[in-house]
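Colleague: Quick check, what structure comes out for this input:
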Amino acid sequence: MARDRARRARLTLDLDLTPADVVQGVPRSMDCGASISIDDEECGTVRARWCS
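Modeller: Below you'll find the model as predicted:
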């Protein structure tokens, strides 16, 4: 969808971080996710696991 260049675009970034591989109450990694929207239209997502 084309938009009027004179109008500003609204960017939304949603982040989701969840502890994973918990050992005795200490998370050993994180499940990470993100999604990005421009003018309320989702245009990208990503998921990854971060390990220390």
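Colleague: When you work out contacts or count neighbours from here on, use the C-alpha atoms and nothing else.
Modeller: Fine.
Colleague: how many other residues sit next to the nearest residue to residue 36 once chain neighbours are set aside?
Modeller: Closest residue in space to residue 36, ignoring its immediate chain neighbours: residue 13 at 4.6 Å, by C-alpha to C-alpha, 6 or more residues apart in numbering. Around residue 13 there are 12 other residues, counting by other C-alpha atoms under 10 Å.
Colleague: now do residue 17
Modeller: Considering only other C-alpha under 10 Å, residue 17 is surrounded by 14 other residues.
Colleague: Would you mind listing the buried residues in the host helix or strand of it?
Modeller: Using DSSP states H and E, residue 17 sits in strand 11-23. Buried residues in strand 11-23, counted by 16 or more other C-alpha atoms under 10 Å: residue 20.
Colleague: Summarise which helices and strands that strand is packed against.
Modeller: Counting contacts by 3 or more C-alpha pairs under 8 Å, 6 or more residues apart in numbering; DSSP states H and E, strand 11-23 packs against strand 26-38.
Colleague: Show me the shaky parts of this structure.
Modeller: Residue ranges of the chain with pLDDT under 70: 1-5.
Colleague: residue closest to the middle of it?
Modeller: residue 34 (1.2 Å; C-alpha atoms, centre = their mean).
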